[in-house]
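K.L.:
just the structure for this:
(chains A and B)
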Amino acid sequence: MAKLNLNRVEMPRQDPKLRGRNFNEVALGYSLDQAKEEASRCIQCPKRNCVDGCPVNVDIPDFIKALRDGDMPEAVRILKSTNALPGICGRVCPQETQCESTCSLAKKGAPIAIGRLERFVADWERANMPKASSPSPKPAPSGKKVAVVGSGPAGLTAAADLAKLGHGVTIFEALHVAGGVLMYGIPEFRLPKVIVQAEVDYVASLGVKIELDSVVGKLVTIDELLSNGYHAVFLGTGAGLPMFMNIPGENLNGIYSANEFLTRVNLMKAYRFPEYDTPVKIGKRVAVIGGGNVAMDSARCALRLGAKIVYIVYRRSEAEMPARREEAENAQEEGIQFKLLTNPKQFLGNEQNWVVGMECYEMELGEPDESGRPRPVVKPGSEFVIDVDEVVVALGTTPNPLIASTTPGLETTKRGTVVADEATGKTKKDKVWAGGDIVTGAATVISAMGAGKAAAADIDKFLRG
Amino acid sequence: MYKILLRQDLVPNIHLFKVEAPAVAEKAQPGQFVVIRIDERGERIPLTIADWDEKEGSVSIVFMEVGTTTRRLTLLKAGDYIANLVGPLGLPSHTEKFGTVVCAGGCYGIASIMPIARAMRQAGNKVISVIEARSKYLLFWEDELRRVSDQLIVTTGDGSYGAKGWVTEQLKEIIDAGDKVDLVVAVGCTYMMKLCAEMTRPLGIKTIVHLNPIMVDGTGMCGCCRVEVGGKTKFACVDGPEFDGHQVDWELLLARQTAYLDDEIRSLSEWECQVGIEG
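P.N.:
You can find the predicted model right below:
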């Protein structure tokens, strides 16, 4: 057996000093040679642990083999047979805790860079294969109709799989573009919107109809869909309701939810104001509250908009931060300052109702709480003030209650999530499935896709039953 | 894309578009709004549904020229399209038999109050509508309001038509005349609604207002439209837009409405330069 190659091929990235001032993609992707070199490190082990580590079970060794052998169209075919959104997954999946963590070379500290290879194959297809050259064989129509609510990762995946199985699928999307959090939440520099739209177009090319501007629960209810010709409904509406801290001063001008801040910047392209009509405040001293990926995204957007100082304010220590390590590192490289073990007590405003400061507590770590992480405890008398002129609250989101409140029979939890079977996504309501953040609360793109996939399989079984 | 079926210039700076949107027309109820976006570069703005026609499959929106988006809208005519129209959003007005209901409308709110007055009357109320404008030439929909009201009072700031003065003065006269008023519904600019609420507060007459903070998505996703009502934070887009006027923190609402004033001025002046309108 050949000697193991433990030299992971690094992916070129934009220089931190430059990229902190532009919205272009940070990671630049492999060249063909780099991709082949990385692919050739894969030892094609028979156990295929990486496939089990992937929530949608991509045939990882097979596509890597095709890539290594230079058969790019075959690599594309294998990848897309299980994953409709590879350009997105290759960029935003936390591979380090999924497929790459179960790679045989992970034990040696150098797992195959599966995400980078996935991204390379997806980008190669977009650049080299005109749409017509990759026709998917049209399945025999089943005569059944499925309504998919929400066009984020869960909805797109469920829709693609159901369409491939011959069902008539219509996606209902509340916003003016499809993609959900991939469009409004994740910034351009991490996930270019042309890539999201190319993958949405691919899903549409499978025969999926996408109805934009359609707020289910207002324009039409789930029960109306079911009585108007749809045989099943999949709910993939995500967790769209922002959480606030409920502390004094939170409604001052200049305090955003991360959802609003990112929606203005990403979806409405406020970073190109006034060429685009939607404005966003350009803060000089910005505090982003929270330690997840959304907090990192918000902080890095604020920096790119022109902030002088951007703080991440997080109540625990770096070890407990929920953000991907790579994203926290990217943020730090760009100059984002981490104020750890710090928690806001109240926001301070001026006479015009603009935020001018944030009074914070110092925190210390106590006994583990129900999440298993050490509980942050206030240090008495530790209050201090940070001068800020903009705050982004990135403390997480909960499902929008609109669907639950207009759908009798749909069971929800105290947290507002929809109760659904873990393996199949089946809800307590007849003919209704759900998956993604609406079931789990805010989680990852790929876990939502996994749930969409599982639900699609179960819906197919039901429709053929 | 949503086709503009009809354009009416109601007064020099307030216009009506009837837009083809059959699904929205089928579901629209009094007090609800739509969010529109003109084109790829446009912002999302909320506009009250002033009327709807289920048979024709249309909704009517009435807007006042204030910023770039509404100025850009005025360049459109019947047959043109707007990129997006989503709705009906927000909770419908709560209508039941209260007794005597005063429906007060000012400015663009004259259009918004009409379907509410109509629904209030259908619910068996005695509806007294009061509409105000700065001057006669800024007044519209007098006939529409008269048709859906038991009594219509018109008032102008300069006295050029109807009574001289504002809605609040007429409201006071109605109350002083001994009419028992069970409910006031006020829709218009924030000051007008605030003044109505302050007028009725000491009298204990319940006063419903329709708040108009800045919004982005209009579906509860962003929290831009946060208002404080009874000391609690509410999202006007999903918890409202209808609220108890006596509970609203008006100063906060007014302050939040000005958050982008500088940007709005910049946007408008750059747009005017581009299209060659003399500023």
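K.L.:
let me see the mean pLDDT of stretch A:375-383.
P.N.:
Taken as a whole, stretch A:375-383 carries a mean pLDDT of 95.
K.L.:
can you show me the CA trace of that stretch as CSV?
P.N.:
What follows is stretch A:375-383, C-alpha atoms only, in CSV (Å, rounded to 0.1, in the frame of the first residue of the first chain):
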residue,chain,number,x,y,z
ARG,A,375,-23.3,28.2,32.6
PRO,A,376,-22.2,31.8,32.3
VAL,A,377,-22.6,33.6,35.6
VAL,A,378,-22.6,37.4,36.2
LYS,A,379,-19.6,38.8,38.2
PRO,A,380,-21.3,41.1,40.6
GLY,A,381,-20.3,44.7,40.4
SER,A,382,-18.4,44.2,37.1
GLU,A,383,-20.5,46.5,34.9
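K.L.:
touching, A:Pro344 and A:Cys360? I think so.
P.N.:
Yes - with contact defined as C-beta atoms under 8 Å, A:Pro344 counts as touching A:Cys360 (5.3 Å). In this view, the C-beta of every residue, glycine as well, is placed from N, C-alpha and C.
K.L.:
between those two, which contacts overlap?
P.N.:
A:Val313 (C-beta atoms under 8 Å, 6 or more residues apart in numbering or on different chains).
K.L.:
in chain A, which ranges drop under the pLDDT threshold?
P.N.:
Applying pLDDT under 70 to chain A flags the ranges A:1-2, A:131-136.
K.L.:
list the buried residues of the longest helix seen in it.
P.N.:
The longest helix of chain A (DSSP state H) is helix A:445-464. Neighbour-count burial for helix A:445-464 flags A:445-460, A:462-463 (criterion: 16 or more other C-beta atoms under 10 Å in any protein chain shown).
K.L.:
which helices and strands sit right next to it?
P.N.:
Applying 3 or more C-beta pairs under 8 Å, 6 or more residues apart in numbering or on different chains; DSSP states H and E, one finds that helix A:445-464 contacts helix A:86-92, helix A:153-164, strand A:232-235, strand A:432-434, helix A:437-440.
K.L.:
chain B: which of those is closest?
P.N.:
helix A:437-440 (12.5 Å; C-beta to the nearest C-beta).
K.L.:
residues in contact with that closest one?
P.N.:
So helix A:437-440 is in contact with A:150, A:152, A:154, A:181, A:235-239, A:397, A:399, A:403, A:417-420, A:425, A:443, A:447-448, A:451, going by C-beta under 8 Å, 6+ apart.
K.L.:
tell me the gap between it and the middle of its chain.
P.N.:
13 Å (C-alpha atoms, centre = their mean, to the nearest Å).
K.L.:
show me the contacts for the residue nearest the centre of chain B.
P.N.:
Note on chain B: the residue nearest the mean C-alpha position is B:Gly109, at 3.7 Å, using C-alpha atoms, centre = their mean. Contact partners of B:Gly109, counting by C-beta under 8 Å, 6+ apart, are B:Ala186, B:Val187, B:Gly188, B:Cys189, B:Met192, B:His210.
K.L.:
same thing but 6 Å
P.N.:
B:Val187, B:Gly188 (C-beta atoms under 6 Å, 6 or more residues apart in numbering or on different chains).
K.L.:
same deal with B:Thr48?
P.N.:
B:Phe33, B:Ser112.
K.L.:
and the lengthiest strand in chain A, is it in reach of chain B?
P.N.:
Secondary structure of chain A per DSSP state E: the longest strand is strand A:355-368. No - between strand A:355-368 and chain B, judged by C-beta under 6 Å from any C-beta of the partner chain, nothing touches; the nearest distance is 10.9 Å.
K.L.:
which residues does that strand contact?
P.N.:
A:252, A:254-255, A:287, A:315, A:341-350, A:374-379, A:382-383, A:385-388, A:391.
K.L.:
buried among the residues you listed? Make that a PyMOL selection.
P.N.:
A single PyMOL command is used to select the members of these judged buried by 16+ other C-beta under 10 Å:
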select buried, chain A and resi 252+254+255+287+315+341+342+343+344+345+346+347+348+349+374+376+386+388+391
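K.L.:
narrow the contacts of strand A:355-368 to those in strands?
P.N.:
A:255, A:287, A:342-349, A:374-378, A:385-387, A:391.
K.L.:
the inter-axis angle of the longest helix of chain A versus helix A:153-164?
P.N.:
40 degrees (axes from the mean of the first three to the mean of the last three C-alpha atoms, to 10 degrees).
K.L.:
quick one: contacts of the helix or strand harbouring B:Ile128?
P.N.:
Secondary-structure element containing B:Ile128, defined by DSSP states H and E: strand B:126-133. With C-beta under 6 Å, 6+ apart as the test, strand B:126-133 has contacts from B:100-106, B:110, B:117, B:120-121, B:139, B:145, B:149-156, B:166-167, B:170.
K.L.:
what is the neighbour count of A:Ile403?
P.N.:
Residues lying near A:Ile403 (other C-beta atoms under 10 Å in any protein chain shown) number 25.
K.L.:
that's a strand at it, yeah?
P.N.:
No - assessed with DSSP: H, G, I helix; E, B strand; the rest coil, A:Ile403 is helix; it does not lie in a strand.
K.L.:
residue contacts, the nearest residue to it once chain neighbours are set aside?
P.N.:
Spatial nearest neighbour of A:Ile403, excluding adjacent residues (C-beta to C-beta, 6 or more residues apart in numbering or on different chains): A:Gly217 at 4.9 Å. With contact taken as C-beta under 6 Å, 6+ apart, A:Gly217 is in contact with A:Leu402, A:Ile403, A:Thr406.
K.L.:
the same query, at a cut-off of 8 Å, please.
P.N.:
A:Gly217 neighbours (C-beta under 8 Å, 6+ apart): A:Leu402, A:Ile403, A:Ser405, A:Thr406, A:Thr407.
K.L.:
what does A:Ala307 give?
P.N.:
Applying C-beta under 8 Å, 6+ apart, the residues near A:Ala307 are A:Ile282, A:Gly283, A:Lys284, A:Arg285, A:Val286, A:Glu390.
K.L.:
and of the residues you listed, the nearest to chain B?
P.N.:
Out of those, the member with the shortest distance to chain B (by C-beta to the nearest C-beta) is A:Ile282, at 9.4 Å.
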